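Q: only geometry, no sequence info:
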Ligand code: 13P
Ligand code: SF4
């Protein structure tokens with residue numbers, strides 16, 4: 001017989017007390033997971049929380065790079081990722097080491113600097129082609145990549161981070177759409193990567209046109225991981241929590257939501273009386289949906305699925321995260 005979810009939630013709360021644990025959830029998590037979380041937010045808010053929170057255990061309900069960042073920022077805490085297979089495919093699209101020598105042996109390979117780098121290359125390749133240009137990595141990357149770059153960014157602060165750098169030429173990895181958004185909104189020459197989020201990149205301009213026809217009074221909010229032609233049609237481009245703030249502050253009552261459907265829960269809950277329409281019902285990140293109440297309970301009970309980063313990588317990766325947090329006002333303590 002299945003245990004009712006209220007019993008599971010109660011058991012989680014009991015164990016949370018016992019272990020002095022805090023549950024952190026991304027805005028895309030399942031509704032019942034968001035409901036048991038102490039903090040829910042976008043990547044920037046969750047990094048800030050992980051760097052400042054007082055507890056012994058962090059249960060990170062999200063995907064692996066987020067739990068890794070929490071462990072990088074708070075090495076004295078035990079960080080649990082309830083579903084160890086919850087990964088971000090975009091983070092797997094870039095690596096720190098140098099595989100170009102391998103590709104050189106293939107016919108047709110061109111060894112020359114490019115404006116948009118294919119996924120087969122690495123941070124080291126791109127740095128070699130553009131000596132001196134700083135590298136900005138989206139937090140949707142592995143700890144090794146964070147350790148190999150100069151500074152991190154999230155969807156909420158990419159423009160501030162890029163603008164803060166004194167250099168004219170800046171390498172921005174791995175999301176080509178986020179990089180394009182930074183190029184359009186700064187005066188920098190951005191060298192980008194061929195990475196993308198499959199949930200956002202599948203959206204076409206015609207999807208926005210269809211949603212606007214169906215909801216002519218609604219404002220359209222888009223995540224910067226969407227393609228440039230989709231962002232062109234948006235009333236506001238921002239992170240997931242940025243959408244919450246924008247819709248709450250707006251005089252408008254109706255919105256089309258251009259991001260993963262998990263955000264719809266918070267949007268509705270925190271804005272009673274306002275109406276939100278998903279841009280497309282299939283904007284679902286399967287990895288974000290892997291975490292369940294059962295997996296949270298299991299990891300907390302057994303203290304399994306611990307995420308820990310090797311110390312030499314951690315120290316370098318933390319430098320990139322700290323630089324980002326300094327720009328947005330909340331550096332980690334250690
Ligand atoms: P936010 O930082 O805007 O919440 O986005 C995270 C993410 O994974 C988007 O796909
Ligand atoms: Fe990665 Fe996209 Fe899922 Fe975010 S929504 S975790 S970027 S695959």
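A: Arrived safely, thanks for sending. This is a predicted model, so every value here is computed, not measured. Numbers count the residues shown, from 1 in each chain. Ligands and ions are numbered 1, 2, ... in the order given.

Q: where does residue 269 fall, phi/psi-wise?
A: phi -70, psi -40 (degrees, to the nearest 10).

Q: Could you do the one 4 residues further on as well?
A: The phi and psi values for residue 273, taken as degrees, to the nearest 10, are phi 100, psi -20.

Q: Tell me who's in contact with the residue lying closest to it once chain neighbours are set aside.
A: Distances taken as CB to CB, 6 or more residues apart in numbering place residue 253 nearest to residue 273, at 7.1 Å, with adjacent residues excluded. Just so you know, the C-beta spots here come from the backbone N, C-alpha and C atoms, and that holds for glycine as well. By CB atoms under 8 Å, 6 or more residues apart in numbering, the residues touching residue 253 are 217, 273, 274, 275.

Q: shouldn't the first one be in contact with residue 235?
A: To tie it back to what came earlier, the one meant is residue 217. No. Residue 217 is beyond contact range of residue 235, at 11.8 Å (criterion: CB atoms under 8 Å).

Q: Looking at the two, which one has more neighbours?
A: A side-by-side neighbour count of residue 217 and residue 235, using other CB atoms under 10 Å, places residue 235 first with 14 against 10.

Q: what sits against the more buried one?
A: Contacts of residue 235 (CB under 8 Å, 6+ apart): 219, 220, 221.

Q: which among these gets closest to residue 15?
A: Closest to residue 15 out of these is residue 221 (36.8 Å), distances taken as CB to CB.

Q: Contacts (any at all) between ligand 1 and the helix or strand hosting that closest one?
A: Take DSSP states H and E as the rule and residue 221 turns out to sit in strand 219-222. No. With CB under 6 Å from any ligand atom as the criterion, ligand 1 is not reached by strand 219-222; the gap is at least 11.1 Å.

Q: What is the distance between that strand and the centre of its chain?
A: Strand 219-222 sits 19 Å away from the centroid of its parent chain (CA atoms, centre = their mean, to the nearest Å).

Q: Also stretch 154-173?
A: The answer for stretch 154-173 is 16 Å, by CA atoms, centre = their mean.

Q: Buried residues, it. List them.
A: 154-159, 161-162, 164-165, 170-173 (16 or more other CB atoms under 10 Å).

Q: ok, now stretch 199-215?
A: Here stretch 199-215 shows 199, 200, 201, 203, 207, 208, 211, 212 as buried, counting by 16+ other CB under 10 Å.

Q: What lies in contact with the longest helix belonging to the chain?
A: When the chain is scanned for its longest helix (criterion: DSSP state H), the result is helix 311-327. Outside helix 311-327, the residues that touch it by CB under 8 Å, 6+ apart are 47-48, 51, 69, 71-73, 75, 137, 139, 143-144, 146-154, 157, 160-161, 164, 309, 331-332.

Q: in the protein, which ranges drop under the pLDDT threshold?
A: Along the chain, segments meeting pLDDT under 70 span 1-2, 98-116, 118, 329-334.

Q: just the strands in it please.
A: 21-26, 39-41, 57-61, 78-80, 116-117, 135-138, 151-153, 169-173, 189-193, 219-222, 236-237, 254-258, 275-278 (DSSP state E).

Q: Give me every residue in the stretch 201-334 of the chain lying close to ligand 1.
A: So the stretch 201-334 of the chain meets ligand 1 at 225, 239, 240 (CB under 6 Å from any ligand atom).

Q: just to revisit the earlier point, distance of the residue nearest to residue 273 relative to residue 247?
A: Using CB to CB, to the nearest Å, residue 253 is found at 9 Å from residue 247.

Q: what about residue 75, neighbour count?
A: 16.
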